[in-house]
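1. A structural model of the following input is requested.
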Amino acid sequence: MVALSRRSSESTRRWPRPRPRKVSPLWRAMTFVDSGLVRLVGRLAVTGTIPHELRHQPMLIAANHIGTFDAFVLTAALREAGVNPRFLLAGGLLDAPVVGWGLRQGGSIRVDRHSVNVTEAFERVTTALRETPGPVLVYPEGRISRTPGLWPERGKTGAARIALAAGVPVLTISQWGAHEAVYWGTETVTGWRDLVPLATSFARAVARRPTFRVHFGPLVDLSDLSPGKPGDGMRAHKRIMRAITDNLVPLRADQLDRPRFHDPTRPTDTRSPWQPPTA
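-> Below is the predicted model:
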């Protein structure tokens with residue numbers, strides 16, 4: 001396992017040790033229902049672990065994004081790992097009725113992508129990540145992969161820069177199989193016809209019961225990087241994305257070239273810079 005960065009350890013000691021966050025009973029109930037839903041649709045196989053000493057400490061968890069159902073799978077996997085599922089999310093999701101309220105009660109952090117004051121928004125997210133107890137999950141890609149092989153997209157440096165500025169450790173999740181639960185669908189839903197592919201693909205998944213593989217990787221070593229040094233944000237991002245990809249390879253060893261499952265609704269208009277040469 002890669003060693004936790006010295007800078008991250010020193011940064012963590014500057015703040016009081018957070019106590020485990022009291023989680024809303026509603027959010028606990030929602031994650032319980034989520035776990036049942038995931039196991040209804042398929043089989044959850046979790047490998048790796050989150051270090052026990054970090055389960056209630058500030059930490060960023062970066063995961064690849066492969067489908068509309070993978071947030072449900074990751075929520076179940078985090079719950080199984082003994083961690084309250086929390087996300088770094090756009091404001092629109094947190095403003096949604098019921099689900100948004102539950103996410104806020106669970107401790108998810110809002111990201112204002114279109115904030116007028118970008119610096120202030122960045123500092124607010126960094127402070128929230130650093131001072132609230134427990135890991136927070138983020139998708140560095142920002143959207144479901146549109147690469148033909150469903151390898152991680154290039155992604156953005158925001159998550160890496162936030163982790164460097166907050167001085168928190170970074171752990172990765174690699175996942176495979178959740179894309180088989182529900183089709184990608186469409187960018188916007190204009191009527192009930194847009195929901196038909198999602199409903200039919202979900203029904204087929206319940207009948208087939210695919211395996212959802214989730215692997216908690218080791219900590220990513222960012223000890224030689226600094227938030228104020230030009231280029232270090234990109235360097236941190238590359239290390240995070242490479243770690244996700246490296247741990248994704250064994251999860252899909254029999255599907256390195258293309259996914260066996262074909263989703264006719266998912267666009268395939270980008271290329272992955274992280275795809276292994278042998279794939």
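
2. burial count for P264?
-> P264 has 8 neighbouring residues, counting by other C-beta atoms under 10 Å. Quick note: C-beta positions are derived from backbone N, CA and C, even for glycine.

3. contacting residues around the closest residue to it other than its chain neighbours?
-> If the residues on either side of it in the chain are set aside, P264 comes closest to Y183, at 7.7 Å by C-beta to C-beta, 6 or more residues apart in numbering. When contacts are counted by C-beta atoms under 8 Å, 6 or more residues apart in numbering, Y183 touches T68, P197, L198, S201, D263, P264, T265, R266.

4. Surely Y183 is in a strand?
-> No. Counting by DSSP: H, G, I helix; E, B strand; the rest coil, one finds Y183 to be coil, located in no strand.

5. ok, for G107, nearest residue in space, not its chain neighbours?
-> Once flanking residues are discounted, G107 sits nearest to R86: 4.6 Å by C-beta to C-beta, 6+ apart.

6. Find the residue ranges of the stretch 51-200 of the chain scoring beneath the pLDDT cut-off.
-> The model of the stretch 51-200 of the chain has pLDDT under 70 over residues 91-93, 113-118.

7. run the last query once more with 80
-> 90-106, 111-121 (pLDDT under 80).

8. ok, longest strand in this structure?
-> For the chain, the strand with the greatest residue count under DSSP state E is strand 211-219.

9. Sheet partners, orientation included, of the helix or strand where A62 lies?
-> A62 belongs to strand 59-63 when elements are defined using DSSP states H and E. Counting by DSSP bridges, the strands paired with strand 59-63 are strand 135-138 (parallel), strand 170-176 (parallel).

10. Could you save these as CSV and add columns showing distance to S108 and mean neighbour count?
-> Below are the strands paired with strand 59-63 laid out as CSV (distance: least, C-beta to C-beta, whole Å; neighbours: other C-beta atoms under 10 Å):
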stretch, distance to S108, mean neighbour count
strand 135-138, 8, 25
strand 170-176, 16, 26
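
11. Mind checking the ones you listed for the one nearest to G36?
-> G36 lies closest, by C-beta to C-beta, to one member of the strands paired with strand 59-63: strand 170-176, at 19.1 Å.

12. Mind listing residues that contact that closest one?
-> The contact list for strand 170-176 (C-beta under 8 Å, 6+ apart) reads 50, 54, 59-64, 66, 70, 73-74, 77, 135, 137, 160, 163, 212-220, 222, 236, 240, 243-245, 247-248, 251-252.

13. backbone phi and psi for the residue nearest to P264, please?
-> Backbone torsions of Y183, given as degrees, to the nearest 10, read phi -60, psi 160.

14. and if you look at P210?
-> phi -70, psi 160.

15. doesn't Y139 make contact with L60?
-> No. The pair L60 / Y139 is not scored as a contact, 11.5 Å apart, by C-beta atoms under 8 Å.

16. one step back: pull the most distant pair out of the contacts of Y183.
-> T68 and P264 (14.6 Å).

17. circling back: is the residue nearest to G107 in contact with I109, as I believe?
-> Yes. Using C-beta under 8 Å, R86 is in contact with I109, at 7.1 Å.

18. got any residues that touch both of these two?
-> Common neighbours of R86 and I109 (C-beta under 8 Å, 6+ apart) are V136.

19. Among the two, which residue is more densely surrounded?
-> Higher neighbour count among R86 and I109: R86, with 25 against 21, using other C-beta under 10 Å.

20. Contacts only, for that one.
-> G106, G107, S108, I109, G134, P135, V136, L137.

21. Please apply the same query to L54.
-> Shown in contact with L54 (C-beta under 8 Å, 6+ apart): P135, P169, L171.
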